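Enquirer: Need a 3D model of the sequence below.
(one chain, ligands or ions: 1)
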Amino acid sequence: MKIIAIDIGATNLRVALFNNTKKVDEVKERTPKDSPESLSAKIIECIESLCKKGDFDRIGIGSIGPLNLEEGTIEMAPNLGLRNVPLRNPLVNKFKKRVYIANDAMAGVWAEKVLGKGKESNDIVYLTISTGIGVGVIVDGNLLVGRRGNAHEMGHAVLDYTSNDICGCGGIGHWETFAGGRNIKKVALEKATVWNEERTNAYDLAVKGKLEPEKLYQLAREGDKFATYLVDQINRVHAAGIASIVAAYDPEKIFIGGSIYLYNEDLIRASLIKYARLYSGFGVPEIEKASFGDDQVLYGAASIAINPPRQIERFASKL
Ligand SMILES: [Zn+2]
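Expert: Down below sits the predicted model:
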């Protein structure tokens, strides 16, 4: 079976051709932000460049959200500044193939179940620690999808109800507010204003509002005291989020991916487990690195097309 797998991110759009479970070709573009229709137009262009004669069987999409799967649209994409972005209809009209759409983290967990290290488990979670925080969940072998495709938006779980920090979603005190990659500069600045110890390189960057995630972890690895402190604080936030995941879904394994985790597992994993044991009254499940690195959502998009979960199948185009 030939599958077109699509990963729609806030920054990049990736479109790949899979031959069964193997990725054979890929194109990558900046995600267009000009108009709601510009995204599907760009996707069509990418598919045509990969597969000139439309010679493929199905399309799978893992996308930023929130989604409206009934309509086959991205309902709102705060990071693109767009609303009601049509995905399913333009692709069905153009190619006359079935189109399966899932949120990116849902696709990520389905990749583990269908193609990855989660094949033997019925209760698994995929957590992405990246620009934002995303969670995909399988309970009793069932992918949790929700009414319109936005179940388990755990990155927006409230971790501090006394906080005044407003999240990108409009809520207050969310996991993503304190530990999403895009908020790290802001969190670093806040922590720097109450830091009374040695003024380190990381501290100097933080007070200027310029401590990017990559630099933060690099300096922590070099032993910078402020960076080490901040990484520890952020690990506590992730651990609190994981304790909430455990309380909500009782998983056997949690697979973690996303660029921040993938490149900094050495500074995150052990500390995260230590704190999660403290926060969770229900123990901490096995925590493993996700199977597909930077390609997790692409493999997820392929997985939902290869072996569609019934919760996604019901929203797929009928041909
Ligand atoms: Zn939020």
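
Enquirer: Show me what the longest helix along the chain is packed up against.
Expert: Counting residues, the longest helix in the chain under DSSP state H turns out to be helix 225-249. Packing partners of helix 225-249 (3 or more Cβ pairs under 8 Å, 6 or more residues apart in numbering; DSSP states H and E): strand 124-129, strand 133-139, helix 175-179, helix 184-193, helix 201-207, helix 213-221, helix 259-279. In this view, the C-beta of every residue, glycine as well, is placed from N, C-alpha and C.

Enquirer: Okay, angle between it and strand 133-139 too, please.
Expert: 30 degrees (axes from the mean of the first three to the mean of the last three Cα atoms, to 10 degrees).

Enquirer: Buried residues, helix 225-249. List them.
Expert: Burial within helix 225-249, assessed by neighbour count using 16 or more other Cβ atoms under 10 Å, is assigned to 225-231, 234-246, 248-249.

Enquirer: could you give the angle of it to helix 259-279?
Expert: Using the same axes, to 10 degrees: helix 225-249 against helix 259-279 is 70 degrees.

Enquirer: pLDDT on helix 225-249, on average?
Expert: Across helix 225-249, pLDDT averages out at 97.

Enquirer: and it, anywhere near the ion?
Expert: No. Residues of helix 225-249 contacting the ion under Cβ under 5 Å from the ion: none, with a closest distance of 11.9 Å.

Enquirer: How far does that helix sit from its chain's centre?
Expert: The chain centroid and the centroid of helix 225-249 are separated by 17 Å under Cα atoms, centre = their mean, to the nearest Å.

Enquirer: which strands and helices sit next to the following helix or strand past it?
Expert: Next along the chain after helix 225-249, taking DSSP states H and E as the criterion, comes strand 253-257. Applying 3+ Cβ pairs under 8 Å, 6+ apart, we find strand 253-257 packed against helix 104-114, strand 124-129, strand 286-289.

Enquirer: Put together a markdown table for those, with mean pLDDT on each row.
Expert: Shown next, in a markdown table, are the helices and strands packed on strand 253-257 (pLDDT from 0 to 100):
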| stretch | mean pLDDT |
| --- | --- |
| helix 104-114 | 97 |
| strand 124-129 | 98 |
| strand 286-289 | 97 |
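
Enquirer: Can I get the ones you listed in CSV including distance to the ion?
Expert: As requested, the helices and strands packed on strand 253-257 are arranged in CSV below (distance: least, Cβ to the ion, whole Å):
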stretch, distance to the ion
helix 104-114, 14
strand 124-129, 15
strand 286-289, 23
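
Enquirer: Could you export those as a markdown table, including mean neighbour count and distance to residue 253?
Expert: Below are those laid out as a markdown table (neighbours: other Cβ atoms under 10 Å; distance: least, Cβ to Cβ, whole Å):
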| stretch | mean neighbour count | distance to residue 253 |
| --- | --- | --- |
| helix 104-114 | 29 | 8 |
| strand 124-129 | 29 | 5 |
| strand 286-289 | 16 | 5 |
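
Enquirer: Now render these as JSON lines, adding distance to residue 189.
Expert: Listed next are the helices and strands packed on strand 253-257 as JSON lines, based on distance: least, Cβ to Cβ, whole Å:
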{"stretch": "helix 104-114", "distance to residue 189": "28"}
{"stretch": "strand 124-129", "distance to residue 189": "20"}
{"stretch": "strand 286-289", "distance to residue 189": "30"}
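
Enquirer: can you list the residues of this protein near the ion?
Expert: So the chain meets the ion at 156, 167, 169, 171, 174 (Cβ under 5 Å from the ion).

Enquirer: Can you select the buried ones from those residues in PyMOL?
Expert: Restricted to buried positions by 16+ other Cβ under 10 Å, the PyMOL selection for the residues of the chain next to the ion reads:
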select buried, resi 156+167+169+174
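
Enquirer: Distance check, residue 247 against residue 160.
Expert: 17 Å (Cβ to Cβ, to the nearest Å).

Enquirer: For the ion, what's the nearest residue on the stretch 201-319 of the chain?
Expert: Among the residues of the stretch 201-319 of the chain, residue 241 lies nearest to the ion; the distance is 11.9 Å by Cβ to the ion.

Enquirer: Spatially nearest residue to that residue, not counting backbone neighbours?
Expert: residue 175 (4.4 Å; Cβ to Cβ, 6 or more residues apart in numbering).

Enquirer: burial measure for that neighbour, as a count.
Expert: The tally of other residues near residue 175 (other Cβ atoms under 10 Å) stands at 27.

Enquirer: That concludes my questions; thank you for your assistance.
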